[in-house]
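# need a 3D model of the following:
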Amino acid sequence: MPLRFTLRQIEYFVAVGEEGSIAQAAGKVNVSSPSISAAITQLEAEFGLQLFARKHAHGLALTQAGRQFLVQAKTLLAEADRLNGLANEIIGRVRGPLNVGCLLTFAQIVLPHLRRSFITRYPDVQFRQFERDQQAIFDGLRNAELDIALTYDLEIPPDLEFVPLFDLPPYVMLPDNHDLANRRSISVAELAPYPMILLDLPYSGPYFLSVFSDAGVTPNVVERTRDMEVMKSLVANGFGYSIANIRHSSDCAADGKRLRFVPLTGNMRPMRMGLMSASGAKNTLTVRALIDHCRETITPQLTPGLRVRVSSSYDDE
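Numbers count the residues shown, from 1 in each chain. Just a heads-up that it's a prediction; the model follows:
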């Protein structure tokens, strides 16, 4: 008798195997926990295998059979994606699933705008978004959880490809009553003695600190946070200044208090916003369509809520 299972059941199994929890897997694939549980039960019955050991307080753990099954299940899903991509190429139609990552620091500005405009243009695409830090984006592209990601050109590994969109030079974010708030520009040396709030995300934090080390000075870091909105509120409330590259169009923090934004002087490397993908991903029709769409719509002039002092455009190399 032939086996009866669906690729959706396999997708749910892989999600549970990676997350170790039905609840977390449900959030990852955006379905209910009972649907995940039912899929796992059906797979175990169909194959006659116990794929998970149930641990009441600690979720689920893969059995030895489950670990072997997970490896092949991931291969099966990857091959199914390739088959879907081949069909799209043959008929020249942009459709199917597309998992798009975005760096946490600008996801709220860029990603919903991109998603709406892209699915309006290509309604047959199932666009799923993932907000991640830089290391998680690297991992997601490598394990095929993400098809492509909007991020910065920070420490790009050689096995990943980057398509640049435009540059974002660093600027100083200050409370409204700061000593330097009314300056037209500020040097790094002038900032160094003042208290600093560091946006301490992987790769981003070292970049901000390098602005000072390259100038031969040491910042007075008094606070670290991984949340940009928290950073803005700390600055607005007078706990220190911060440095960022992405600037919202609003001049206020989340609590309504005013911020000042002043350009930094000096020869500093800007962050470059662009699209990152695994090697070969640009060969798929849907990914190519997203790249072209981003070049048309993700610009300083067309992205709502974004202010950029200097911008550049690039050709794909």
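
# count of residues packed around the nearest residue to residue 144 once chain neighbours are set aside?
On the basis of C-beta to C-beta, 6 or more residues apart in numbering, the spatially nearest residue to residue 144 that is not a chain neighbour turns out to be residue 78, at 6.1 Å. Where you see a C-beta, it was placed from the backbone N, CA and C, and this is true even at glycine. Under the neighbour criterion other C-beta atoms under 10 Å, residue 78 is assigned a count of 11.

# now the helix or strand residue 78 falls within: buried residues?
Assessed by DSSP states H and E, residue 78 sits inside helix 64-91. The neighbour-count check on helix 64-91 (16 or more other C-beta atoms under 10 Å) flags 66, 69, 70, 73, 74, 77, 81, 84, 85, 88 as buried.

# and which of those is nearest to residue 282?
When these are compared for distance to residue 282 (C-beta to C-beta), residue 85 comes out closest, at 11.7 Å.

# and the buried residues of helix 64-91 as a markdown table, adding pLDDT and distance to residue 245?
What follows is those, written out as a markdown table (pLDDT from 0 to 100; distance: C-beta to C-beta, whole Å):
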| residue | pLDDT | distance to residue 245 |
| --- | --- | --- |
| 66 | 88 | 44 |
| 69 | 89 | 44 |
| 70 | 90 | 39 |
| 73 | 88 | 40 |
| 74 | 86 | 35 |
| 77 | 82 | 36 |
| 81 | 74 | 33 |
| 84 | 71 | 36 |
| 85 | 67 | 34 |
| 88 | 65 | 35 |
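
# report the two of these separated the most.
Greatest spacing in these, by C-beta to C-beta: 66 and 88 (32.2 Å).

# residues near the residue nearest to residue 52 when sequence neighbours are not counted, how many?
Spatial nearest neighbour of residue 52, chain neighbours left out: residue 60 (4.2 Å); criterion: C-beta to C-beta, 6+ apart. Each residue near residue 60 was counted by other C-beta under 10 Å, and the total is 20.

# and for residue 209, the neighbour number?
17.

# apart from its neighbours in sequence, what residue is nearest it?
In space, and not counting its chain neighbours, residue 209 is closest to residue 219: 6.8 Å by C-beta to C-beta, 6+ apart.

# so what's that neighbour scoring on pLDDT?
Here the pLDDT value assigned to residue 219 is 96.

# list the buried residues in stretch 96-107.
Counting neighbours by 16+ other C-beta under 10 Å, stretch 96-107 gives 96, 98, 99, 100, 101, 102, 103, 104, 105, 106, 107 as buried.

# now it: mean pLDDT?
The model assigns stretch 96-107 a mean pLDDT of 90.

# repeat that for stretch 301-315.
Per-region confidence: stretch 301-315 scores 54 on mean pLDDT.

# helices along the protein, start to end?
7-19, 22-29, 33-47, 64-91, 107-121, 134-142, 188-191, 204-213, 228-236, 285-297 (DSSP state H).

# out of those, which comes closest to residue 276?
Sorting the helices of the chain by C-beta to C-beta, the top spot, which is the nearest, belongs to helix 134-142 at 6.5 Å.

# okay, buried residues for that closest one please.
For helix 134-142, a neighbour-count test (16+ other C-beta under 10 Å) marks 134, 136, 137, 138, 140, 141 as buried.

# the last one against residue 160, yeah?
Yes - the criterion here is C-beta atoms under 8 Å, and residue 141 meets it with residue 160 at 5.9 Å.
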